[in-house]
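S.K.: Could you look at this predicted model? Sequence included:
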Amino acid sequence: MYPGKVGRDHLGLGSVSSDQILPTLSPGINVLTIHPRYFSFYVFLLDEYWRRDLPRSTAAFSRFYRPRECIFSIGANLCDQPEHDRVTTIVGTQKTEGIARQTLPTYDPGFNYIKSELGGYGLYYRSVMAELGVIYPGGPKPLPYPLDVPSERGKTLAAAFRRAIQSTRYYRDYFDHPDQPVPREVVQEYIHAACLCQLQCEDAPDRKLLLDTFLHGGDAQAAAARRETLCLFLDLAAQTDGSAVSQDAFRQLLLFGAEMGGATYTPQESVALTYRRWRLYQAREYYAFALNGLWWHLCDWGIAEQGDIRPLPIEALHEHIRLLLNFDSLAQQLGVAEPGLGPNASFARLLSWLRSTVGANEAGFDALCRLDAPIHEHRLYALAHDEVSNDPQIFVPAMLALLALTYLRFGMPPRWLEPDWPIAQMGADGRLSLDGFVKSLHHRLTRQALTIADVARWLYDEYIIQQHLMIATSKLPENTFRFQREGQRLRFVNLYNSLQFNDSRFEALSTTLHELGLCGDLQLAGHSLTADGAQLLSTGDLP
């Protein structure tokens, strides 16, 4: 066995969000493709390469590409345009920001700004540019081209970017001489026209073309889903104008229609179904957090009990968890009346207690358990982060309560027939779908009376231990095991474990909207819609 690796996504829950749900909701915009203008810049470099009599190989394209992206990266870190206030995630910035700050008289295009042979294009943007129809992928046969080629849409984008920078000294005098140092003032003049931030300007030659690409590029069904999500974000931007929206606030607005800072959101009818799909995504994130939290505690307990030295009985784990299943300490921490619930109490009593905190019956719970409720998902999530390293008597009951809230919201069979429910079914292929959890728990509760300890045992046996072993095995030869089973015992591995949400693509989507000129920056208080943004929200599309 190879040495253990830190790894990530140890229950396989994150990959369902990143590989299934989010590509369905926001195809062509992912966590690392933040800036739309990179589409223009990269296809411009590709088009310039094909316009020259150069060898048609990836190695030759890399030699052409790297010095030009290096200067772009340095320039983006030098940019002082007013629109550049919050531009982040510039490709290569870990190395180029430092030399940009040195205010050197010239900059070397041959500076080793990034390890990847094809920089940000190869690492991040190539796949989504192909998905949106900006390039035709090339490579070994049976692909028709030896390397990527601009599509017709891509050539139009490249020409528009060329118009933006064609009068700069860099393009006229240095672009074709990548071995020559570029004076600082030349880089600055170039980036004032070329920078990622300048797409926000109404007169940017490539803005309308990029807007059309994001609204209509690629597969028609995927483009429709992308438009629907962009409209949802515009509706949210319009209703929260005056309040800065962070990713954390975005999560709260999705599930509760409100966030701790005071902003509220009620989706208009035209985006209601898209909102419900995104809401199910966020509900699943809380569900995944709770399961990952229980896994995190198992690993922490195993190392504390020296399970990395000799294997520990699985029954000892269940007894340890059983001793933690008293909900009075959690209630005290939350400022609510103690329920008197211990491990032998029925799980139905736990559900009844949670319903009683908002005065709801089964059918009305989801509507009444909002952000002002005494107990809700985000409060338990925040509490887990406060208590994660110190008090398992609060942490473990909090994670069980979080899962119980998930069941109360979505465990009614009529809910499973609604048109947004396919989002909850994603992950059914061995990745612990939300649908599978609520249906399995519903079946168990209707078949027999279960105690809280019974449910905890079921979760640890099937959703934590069995799932981690299956996921870690699937990653071999990479060794990401945190424990391995030896009969009825577990042997643990002492490696770092994190506990957090996966990225929701909020930054990528909100930045895309802002830089395409559809609204202000959602992460600033003022983010009103532009005329284009208002029209897109009103009609669902732009001509």
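M.R.: Nice, thanks for sending it over.
S.K.: Tell me which stretches of the stretch 301-450 of the chain form strands.
M.R.: 312-313 (DSSP state E, counting those that start in this stretch).
S.K.: Show me the contact partners of stretch 14-21.
M.R.: The contact list for stretch 14-21 (C-beta atoms under 8 Å, 6 or more residues apart in numbering) reads 8-9, 31, 281, 284-285, 288, 423, 426-427, 431-433, 502-503. From N, CA and C alone the C-beta is placed, and that goes for glycine too.
S.K.: Going along the chain, name the helices of the stretch 1-150 of the chain.
M.R.: 13-16, 22-25, 37-50, 58-78, 93-101, 119-120, 126-131 (DSSP state H, counting those that start in this stretch).
S.K.: by contact count, what packs against the fourth one?
M.R.: Identification of packing neighbours for helix 58-78 by 3 or more C-beta pairs under 8 Å, 6 or more residues apart in numbering; DSSP states H and E yields helix 37-50, helix 93-101, helix 119-120, helix 184-194.
S.K.: Compare the mean pLDDT across these and name the weakest.
M.R.: Ranked by mean pLDDT, those bottom out at helix 93-101, which scores a mean of 93.
S.K.: For Arg444, list the residues it contacts.
M.R.: Per C-beta under 8 Å, 6+ apart, neighbours of Arg444: 450, 455, 458.
S.K.: The first one: what's it in contact with?
M.R.: When contacts are counted by C-beta under 8 Å, 6+ apart, Leu450 touches 346-348, 444, 458.
S.K.: Which member of those is positioned nearest Tyr190?
M.R.: Trp458 (61.7 Å; C-beta to C-beta).
S.K.: Quick check: closest non-adjacent residue to the closest one.
M.R.: Arg444 (7.2 Å; C-beta to C-beta, 6 or more residues apart in numbering).
S.K.: ok, now how distant is that neighbour from Arg457?
M.R.: The gap separating Arg444 from Arg457 is 12 Å, by C-beta to C-beta, to the nearest Å.
S.K.: And for Pro105?
M.R.: In terms of C-beta to C-beta, Pro105 sits 69 Å off from Arg457.
S.K.: With Met412 instead?
M.R.: Taken as C-beta to C-beta, the span from Met412 to Arg457 is 25 Å.
S.K.: Equivalent analysis for Leu22, please.
M.R.: The gap separating Leu22 from Arg457 is 33 Å, by C-beta to C-beta.
S.K.: Show me which of the two is the more surrounded one.
M.R.: Leu22 (23 against 19; other C-beta atoms under 10 Å).
S.K.: Quick one, which of the helices of the stretch 1-150 of the chain gets closest to Leu312.
M.R.: When the helices of the stretch 1-150 of the chain are compared (using C-beta to C-beta), the closest one is helix 13-16, at 24.4 Å.
S.K.: What residues sit buried inside the closest one?
M.R.: 13-14, 16 (16 or more other C-beta atoms under 10 Å).
S.K.: Please render the residues you listed as a markdown table that adds distance to Ser243 to the earlier fields.
M.R.: Shown next, in a markdown table, are those (distance: C-beta to C-beta, whole Å):
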| residue | distance to Ser243 |
| --- | --- |
| Leu13 | 30 |
| Gly14 | 29 |
| Val16 | 31 |
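S.K.: Tell me the one of those residues nearest Gln180?
M.R.: For the buried residues of helix 13-16, the nearest to Gln180 is Gly14 (45.6 Å; C-beta to C-beta).
S.K.: of all the contacts of Arg444, which comes closest to Thr274?
M.R.: Using C-beta to C-beta, the contacts of Arg444 come closest to Thr274 at Val455, 33.4 Å.
S.K.: Show residues contacting whatever helix or strand the closest one lives in.
M.R.: Per DSSP states H and E, Val455 falls inside helix 452-458. For helix 452-458, contacts defined as C-beta under 8 Å, 6+ apart pick out 318, 321-322, 325, 341-347, 350, 400, 441, 444, 450.
S.K.: If you rank those by neighbours, which is first?
M.R.: Highest count within the contacts of helix 452-458 by other C-beta under 10 Å belongs to Leu400, 25 neighbours.
S.K.: Near Arg163, how many other residues are there?
M.R.: 13.
S.K.: which residues does it contact?
M.R.: Contacts of Arg163 (C-beta under 8 Å, 6+ apart): Pro205.
S.K.: Let's test this: mean pLDDT of the helix or strand containing it, rounded?
M.R.: Here Arg163 sits within helix 152-165, counting by DSSP H and E. For helix 152-165, mean pLDDT rounds to 98.
S.K.: Let's have the helices and strands packed on helix 58-78 in TSV, adding distance to Glu362.
M.R.: Formatted as TSV, the helices and strands packed on helix 58-78 follow (distance: least, C-beta to C-beta, whole Å):
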stretch	distance to Glu362
helix 37-50	48
helix 93-101	51
helix 119-120	50
helix 184-194	58
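S.K.: Could you point out which of the ones you listed sits nearest Pro178?
M.R.: So among these, helix 37-50 is nearest, using C-beta to C-beta, at 11.6 Å.
S.K.: CA atoms only for the closest one - export them in PDB, please.
M.R.: C-alpha atoms of helix 37-50 as PDB (Å, rounded to 0.1, in the frame of the first residue of the first chain):
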ATOM      1  CA  ARG A  37     -12.700  37.600 -20.800                       C
ATOM      2  CA  TYR A  38     -10.300  34.700 -20.500                       C
ATOM      3  CA  PHE A  39     -12.400  33.100 -23.200                       C
ATOM      4  CA  SER A  40     -11.600  36.000 -25.500                       C
ATOM      5  CA  PHE A  41      -7.900  36.200 -24.600                       C
ATOM      6  CA  TYR A  42      -7.200  32.500 -24.900                       C
ATOM      7  CA  VAL A  43      -9.000  32.100 -28.200                       C
ATOM      8  CA  PHE A  44      -7.200  35.200 -29.400                       C
ATOM      9  CA  LEU A  45      -3.900  33.500 -28.600                       C
ATOM     10  CA  LEU A  46      -5.000  30.300 -30.400                       C
ATOM     11  CA  ASP A  47      -6.100  32.300 -33.400                       C
ATOM     12  CA  GLU A  48      -2.900  34.200 -33.600                       C
ATOM     13  CA  TYR A  49      -1.000  31.000 -33.500                       C
ATOM     14  CA  TRP A  50      -2.900  29.500 -36.400                       C
END
